[in-house]
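1. can't give you the sequence, but here's the structure:
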Ligand code: SF4
């Protein structure tokens, strides 16, 4: 299957202020994302799962080209996709759209639903009359009930549906959804995820689902990537990663997810590391109950796990040390 959007070696280091540099003499940057590879396919949902601060939202912004990369390549339909503003950026956003966590912040409170949708339609060469059709696509019906409402007159779930309709106005191929349900009431999260799933099928979208909730990722996503401290540490199809989690950090995530824990994990203590001076070797080693000498010095590569194609973990438990 050919990927529509592909990133290789995606890296983002944010420079730190001088005062912080004085504390961490060796480190001069926040290593937010290091060496992330991923492929997004049309008609598939890929979940990127991790704690807050693990770098997953930065990955989404790098893919949307809202931040410049420190290193790495981005390829759309097999061609280099780097853009720096202007018309090429607009063309790129026509194909790669983003949905943000907070639907209230992403909609202008001074404008109606009609304004938000017709503006997006015009920007991407479509006619304003299609606004009603967009609302039907996100199940806000009848559309006339919603077109002239302001964001504060809508519920959180309705606002997020408007944000999704605005993203879909561009007729994108890729949707980058950054924690799209985490600010919504639990009772309406499932409805929004089901809507995204329907849009995936109807519009043949490639969706990147960023979340800290591994249970929802299992429900919604076809593939899963797990991030820890700026690096992807396990990947595979969602069912396999959650049923046969291999990396000790993935097991920790599952052990703390209601409804997913099937066996008690080894106790893990401590906090995620500083990304200004991340640990050498495996970044999880200060917290890992299985850490060995090699883990402190050498970064583990991806090792294939068992006989499930595509399941891998970056952990020395699964491969020979150098
Ligand atoms: Fe633990 Fe070592 Fe595996 Fe890292 S590489 S998760 S420290 S066993």
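-> Okay, I see it. Just so you know, these numbers come straight off a predicted model, no measurement behind them. Numbering: from 1, shown residues only.
2. If you rank every helix and strand of this protein by mean pLDDT, what lands last?
-> helix 18-23 (a mean of 56; mean pLDDT, DSSP states H and E).
3. Please verify my assumption that residue 219 contacts residue 194.
-> No. Between residue 219 and residue 194 there is no contact under Cβ atoms under 8 Å: 9.7 Å. For every residue, glycine as well, the C-beta is placed using N, CA and C.
4. So which of these two has more stuff around it?
-> More crowded of residue 219 and residue 194, by other Cβ atoms under 10 Å: residue 219, with 16 against 13.
5. Quick check: phi and psi on the closest residue to residue 253 other than its chain neighbours?
-> Distance criterion Cβ to Cβ, 6 or more residues apart in numbering; nearest residue to residue 253, sequence neighbours excluded, is residue 214 at 5.0 Å. Main-chain torsions, residue 214, degrees, to the nearest 10: phi -70, psi -30.
6. Contacts only, for residue 214.
-> Residues in contact with residue 214 (Cβ atoms under 8 Å, 6 or more residues apart in numbering) are 49, 224, 226, 242, 253, 254, 257, 260.
7. Show me which of these is closest to the ligand.
-> Distance to the ligand across the contacts of residue 214 (Cβ to the nearest ligand atom) is lowest for residue 226, with 11.4 Å.
8. Report the contact partners of residue 245.
-> 234, 251, 253, 254.
9. Out of these, flag the one nearest to residue 84.
-> Nearest to residue 84 among the contacts of residue 245, counting by Cβ to Cβ, is residue 234 at 33.5 Å.
10. can you tell me the helix or strand for that closest one?
-> strand 231-237 (DSSP states H and E).
11. Neighbours of residue 28, how many?
-> 14.
12. pretty sure it is touching residue 14, no?
-> No. Assessed by Cβ under 8 Å, residue 28 is found out of contact with residue 14, at 10.3 Å.
13. Surely residue 67 touches residue 12?
-> Yes. Here residue 67 reaches residue 12: they are 6.3 Å apart, a contact under Cβ under 8 Å.
14. out of these two, which sits in the busier spot?
-> Of the pair residue 67 and residue 12, residue 12 is the one with more neighbours under other Cβ under 10 Å, namely 23 against 15.
15. Can you tell me the element the more buried one falls in?
-> Judged by DSSP H and E, residue 12 forms part of strand 5-15.
16. Pull the distance from that strand to the chain's centre.
-> In this view, strand 5-15 has its centroid 13 Å away from the chain centroid, taken as Cα atoms, centre = their mean, to the nearest Å.
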